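*Asks:* from the sequence below, what's the structure:
(2 chains)
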Amino acid sequence: MQRYILMRVAQSVLTLLILTVIVFSLARIAGDPLDVLLPLEATVQDAERLRAEWGLDRPLYVQYFTFLGNALTGDFGESLRVRGRTAMSLVLERLPNTAALAGVAVVVATAIAVPIGVLSAVKKDTPFDYVGKAIALFGQSLPAFWLGLMLMWVFAAQLGWFPVSGKEQGVLSYILPAIAIGWFQVAALMRLVRSSMLDVLDSEYVKLARIKGVVEWKVIWKHCLRNAAIAPFTYFALIIGSLMVGSVSIEFVFAWPGVGRLAVDAANTKDFPVVQAVVITFCMVYIVANLLVDIAYAYVDPRIRFD
Amino acid sequence: MVKPTIITVMVAALLLAIGIACGGTTDEPSAPASGQTTEQQQTGSAPAATEAPAQPATPIPTVIATATPSPTNTPSAAQETAALGGRLRIATIPPVQQLVGSWLGTTTSANTQVRPFTDPLVHTDRFDGSLVPGLATEWEANEDGTQWTFHLRDDVNFHDGTPFTANDVPHSASLIIREDAIATDTGLFRGLFGDDEAELLSNIVALDDSTVQFNLKTPNSLMDFFAGAQQGNLFMYSKAQYDDGGIEAYENPTGVGPWQFVERTIDVNLLYSRNADHYRRSPFFEEMEYVLIPEETTRLAQLTTGQVQIGEISRELHTDAQGQNLAVLQSELPSIQVAFIIGGVYNPEEAGPCKQEGFEDCFYQEGDPHLNPMVREAINRAINREEINTELFGGIGRQHTVWGYHPALPGYNPRWTEEFDEKYGYDPDRARQLLEESGYAGYDLTLLLTELPGVPEMIPMGEAAFSYLSAVGINVTTQPIKWSDYRAKYYRPGKTHGTLAATRGTYRPADITLRFYNRSGDAGFWRTSVDPMTDVLYDKATQSVDPEVKAKALSDLGDLKFDLYSEVPIVWLPAQIVVNPAEIGEMAWPGNINASFTHTEYITPAQ
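*Replies:* The predicted structure follows:
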């Protein structure tokens, strides 16, 4: 088991190292930040002065190892767009907002997906099932940013039920962006619940419960769902990671002050210290979530070994 | 029990899907405003807003001694007034640089975020855009434009109570040339006052508490323009605050503006409170908040729902906004000029081996088709300006005759207006004939499709030009390109041969535009030069503080540009914003300042 964990950790570190190379390279390929941040009137001397101050005049490999060395201590440098602030401080400032939105999105996705998934399984090949499948189809085919805009226009701009954007209005502010982010996951989660439920509904202990006279709703929601929930539950770790990444477009649409929006703003202005900090942070979340799931699986299922 | 709950959830989910499928779009106005034009929907500013005055209302002075401040902008003494409104909320695009230190970004960033809480030395009239007394009550230049003296008010305090004095001026100027500065004015100030703080402080001197003298290393006739920060960064910061807390103290800056800085949350908002005792005009609202919203549709939705009263919305959504009972306002003056720049038109004195490493053919290249004025005229004749204005700009554009020049600015020659149709009018047949006669029929031209903030129509305009130029037989190919690449690969290294690219500039004294676009040598950027006299006239104009000499030199230079078809001028455009007329009363702003929102202290709530 120890060897398995060590190998998984080593793989994660290697993945992260490769990612740093990719992120560093892409940030540089995207263009020179001076082209965006310097005024049109800036002279060649101005550009050279700032290039030297920001360390952009050094060879790329020197820049990379400097970046890598600093990144190990969590230092991604100073933001080029928000002078005086470090990239990591901006990320950490926004991370709770993104995590909170992702958390609410999980709740929303669960609240919608589980009942529909259960119902689709129980009423297999009936209109309920078809509707459930249609919802799944909608969820997987609608782009999140479009869905976000439509939700905003209908439920905020036209009906006035929710605020248009921002997070000043507490719980109400979370609803629309959470639905927009979570909708895609509704589809995946619903189908997972449905297939798990179908497996469980045919099992012997369910038949026994029915023979014993347990009421139907109890059979479904207590006995079946509890057992069918194992597979969807393990999927949650991945959902949280993808919800955070999926927040990029939705945070932009809803002007949500999270890491996703920070990433877009930073990318638009080629503020690559911030871009690097955001991407590495998101990757860390993904890698750590995957690592924990793998390790948890190994403990749950003794057959899993690193061979 | 449970089943009804499940059904309820399902019905809710279905309704949501139906709502999404059938929800209103931005094309479906709820209350059409039939027959209303943008002009008709203006909400109260007294003068006509769309048409710039035909004659200079108040030419930008080179020597001024103003004793009578403009009544619209300058109460004679500090006036304590009561606020009429609560919080003024403005939805705006997040500035490229988020700052409260004006030296940390471009003039647009500085004017948006800094101008509310602190003033430049010279104020800008909100109706005619002229320079009027502000912190400086009078100013004058010596004969050769190397020394400017500003006389300051002696009754102005910073928001923290410390008095504003002449000593704050050199300190504020020194911030612009700090090592970490990336201000629009940084290069300019280094050239005018010195590369380091010590040299600058020896050239900008407080003669007494209310007099400051600028001693320039090279003559400059526009020092009052730069002191007005219309397109610059010279805002007043407290030296006392710096002495107490260093540069970090400016994270929470005090100022001398009509609003006091309260707080900012990066990418979220900036909040200011009312300065009830401002020397010029205390705001009508208790607070002002810039709400930073990157997505345009979201800004429109914020306006529609009343969550903000003013919003920055692009022209393509104005019809939707008007359909939602919102009003589109235009600035008092034109804000943006739009044109095509004809590449390869360089000064013959810049011929010879290319100075730029890696480029074999840069700057003047004999035989370039664009060096022939007939070809340049043909390009101008091929473009249908009226159609571009109507179809792309909704007809709001005004005639543009010579790139860099406007009838309300010094140096404009009315002849250009009179002769424009005759010399530049849409005439594809004449364009074809000119190309034949010049021997360049069917020559190869690369149309660079690029855009800059503020004019999203630049790319469609380029696509329209493709059709016009192809129709007269030019072999046009298009190349989409980012502006930064256009700058780095084409105009900065002098490699614009065979190209045509749309550009936009701001409303400012012609000399500034000319420097960027027409001055050859290292001082210039595009270096378009239809005649070597361009440089001579430019230097004469920029180094003279005599208004007549300056205007004559500018006019002569404009004549060259007009007669020799230097560029392809298209239109002058006003700045536009969208307001909720139910909440906003009067709002007027000149539009010649590099920011979407200025003069916010004069905005009144609706009755």
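*Asks:* distance of the closest residue to chain B within the stretch 51-200 of chain A from A:Ile179?
*Replies:* The nearest approach of the stretch 51-200 of chain A to chain B comes at A:Val154, 3.6 Å away (C-beta to the nearest C-beta). Glycine gets a C-beta too; all of them are placed from N, C-alpha and C. Separation of A:Val154 from A:Ile179 (C-beta to C-beta, to the nearest Å) stands at 11 Å.
*Asks:* give me the contact list for stretch B:504-514.
*Replies:* The contact list for stretch B:504-514 (C-beta atoms under 8 Å, 6 or more residues apart in numbering or on different chains) reads B:60, B:129, B:221-222, B:225, B:230-231, B:333-339, B:403-406, B:409-412, B:452, B:454-455, B:458, B:516-517, B:538, B:541-542, B:554, B:557-558, B:572, B:591-592, B:594.
*Asks:* and stretch B:87-96, by the same measure?
*Replies:* Here stretch B:87-96 has contacts from A:36-37, A:81, A:265, A:269, B:105-106, B:108-109, B:112-113, B:267, B:283, B:285-294, B:298-299, B:302-303, B:307-312, B:596-597, B:600, B:603, using C-beta under 8 Å, 6+ apart.
*Asks:* for stretch A:274-289, same thing?
*Replies:* Applying C-beta under 8 Å, 6+ apart, the set of residues contacting stretch A:274-289 is A:12, A:15-16, A:19-20, A:23-24, A:27, A:67, A:71, A:76, A:79-81, A:87-88, A:90-91, A:95, A:237-238, A:240-241, A:244-245, A:259, A:262-263, A:266-267.
*Asks:* ok, now stretch A:245-255?
*Replies:* Around stretch A:245-255, the neighbours that count as contacts under C-beta under 8 Å, 6+ apart are A:98, A:101-102, A:143-145, A:148-149, A:152, A:164-166, A:176-177, A:180-181, A:184, A:256-261, A:263-264, A:282, A:286, B:268, B:291-295, B:297-298.
*Asks:* in the stretch 401-550 of chain B, what residue lies closest to chain A?
*Replies:* Counting by C-beta to the nearest C-beta, the stretch 401-550 of chain B gets nearest to chain A through B:Ser484 (3.2 Å).
*Asks:* next helix or strand past the longest strand along chain B?
*Replies:* For chain B, the longest strand by residue count, based on DSSP state E, is strand B:327-342. Next in sequence after strand B:327-342, counting helices and strands by DSSP states H and E, comes helix B:373-382.
*Asks:* filter the contacts of stretch B:87-96 to the buried ones?
*Replies:* A:36-37, A:81, A:265, A:269, B:105-106, B:108-109, B:112-113, B:267, B:283, B:285, B:287-294, B:298-299, B:302-303, B:307-312, B:596-597, B:600, B:603 (16 or more other C-beta atoms under 10 Å in any protein chain shown).
*Asks:* what's the closest non-adjacent residue to B:Met587?
*Replies:* Nearest residue to B:Met587 in three dimensions, chain neighbours excluded: B:Ile603, at 4.8 Å (C-beta to C-beta, 6 or more residues apart in numbering or on different chains).
*Asks:* try B:Leu573
*Replies:* According to C-beta to C-beta, 6+ apart, the nearest residue to B:Leu573 is B:Ile336 (4.6 Å).
*Asks:* the one you found against B:Gly454, yeah?
*Replies:* Yes: between B:Ile336 and B:Gly454 there is a contact at 5.8 Å, judged by C-beta atoms under 8 Å.
*Asks:* what packs against the helix or strand B:Ala198 falls within?
*Replies:* Following DSSP H and E, one finds B:Ala198 within helix B:197-203. Judged by 3 or more C-beta pairs under 8 Å, 6 or more residues apart in numbering or on different chains; DSSP states H and E, the packing partners of helix B:197-203 are helix B:168-176, helix B:186-193.
*Asks:* which stretch among these comes nearest B:Val472?
*Replies:* For B:Val472, the closest of the helices and strands packed on helix B:197-203 is helix B:186-193, at 40.6 Å, according to C-beta to C-beta.
*Asks:* hang on, B:Tyr279 in a helix?
*Replies:* No: secondary structure of B:Tyr279 (DSSP: H, G, I helix; E, B strand; the rest coil): coil, not part of a helix.
*Asks:* that one: how many residues sit nearby?
*Replies:* B:Tyr279 is flanked by 22 other residues according to other C-beta atoms under 10 Å in any protein chain shown.
*Asks:* ramachandran angles for it?
*Replies:* Backbone torsions of B:Tyr279, given as degrees, to the nearest 10, read phi -70, psi -20.
*Asks:* okay, strands next: where are they in chain A?
*Replies:* Under DSSP E, chain A gives no strands.
*Asks:* which stretches of it have low pLDDT?
*Replies:* Along chain A, segments meeting pLDDT under 70 span A:40-41, A:237, A:300-307.
*Asks:* give me the nearest residue to the residue in it positioned nearest to chain B, chain neighbours excluded.
*Replies:* At 3.2 Å from chain B, A:Asp35 is the closest residue in chain A, using C-beta to the nearest C-beta. Nearest non-adjacent residue to A:Asp35, counting by C-beta to C-beta, 6+ apart: B:Ser484, 3.2 Å away.
*Asks:* and that neighbour, what element?
*Replies:* Applying DSSP H and E, one finds B:Ser484 within helix B:483-486.
*Asks:* what's the mean pLDDT across the next helix-or-strand element following that helix?
*Replies:* Under the assignment DSSP H and E, the closest C-terminal helix or strand after helix B:483-486 is strand B:499-506. If you average the pLDDT over strand B:499-506, you get 94.
*Asks:* and the stretch 151-300 of chain A, which residues reach chain B?
*Replies:* A:151-158, A:160, A:163-166, A:179, A:217, A:221, A:252-255, A:257, A:261-262, A:264-265, A:269 (C-beta under 8 Å from any C-beta of the partner chain).
*Asks:* filter those down to the buried ones and hand me the ChimeraX line.
*Replies:* Listed next is the ChimeraX selection for buried residues among these, using 16+ other C-beta under 10 Å:
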select /A:151,152,153,154,155,156,157,158,163,164,165,166,179,252,253,254,255,257,261,262,264,265,269
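*Asks:* which of the residues of the stretch 151-300 of chain A next to chain B fall within helices?
*Replies:* A:Leu151, A:Ile179, A:Trp217, A:Phe252, A:Val253, A:Arg261, A:Leu262, A:Val264, A:Asp265 (DSSP state H).
*Asks:* and those residues, which two are furthest apart?
*Replies:* Maximum distance among those (C-beta to C-beta): 49.1 Å, for A:Trp217 and A:Asp265.
*Asks:* quick one, what contacts the closest residue to B:Val122 other than its chain neighbours?
*Replies:* Using C-beta to C-beta, 6+ apart and skipping residues adjacent in sequence, the residue nearest B:Val122 is B:Gly228, 3.9 Å away. With contact taken as C-beta under 8 Å, 6+ apart, B:Gly228 is in contact with B:Pro120, B:Leu121, B:Val122, B:His123, B:Thr124, B:Leu131, B:Gly134.
*Asks:* re earlier: so the residue of chain A closest to chain B touches B:Arg487, yeah?
*Replies:* Yes: the pair A:Asp35 / B:Arg487 is scored as a contact, 6.7 Å apart, by C-beta under 8 Å.
*Asks:* what about the closest residue to chain A within the stretch 301-450 of chain B, which helix or strand?
*Replies:* Taking C-beta to the nearest C-beta, chain A has its nearest neighbour within the stretch 301-450 of chain B at B:Ala301, 4.2 Å off. Here B:Ala301, judged by DSSP H and E, is contained in helix B:296-304.
*Asks:* so which elements touch that helix?
*Replies:* Using 3+ C-beta pairs under 8 Å, 6+ apart: helix B:296-304 touches strand B:85-92, strand B:310-311, helix B:318-323, strand B:568-579.
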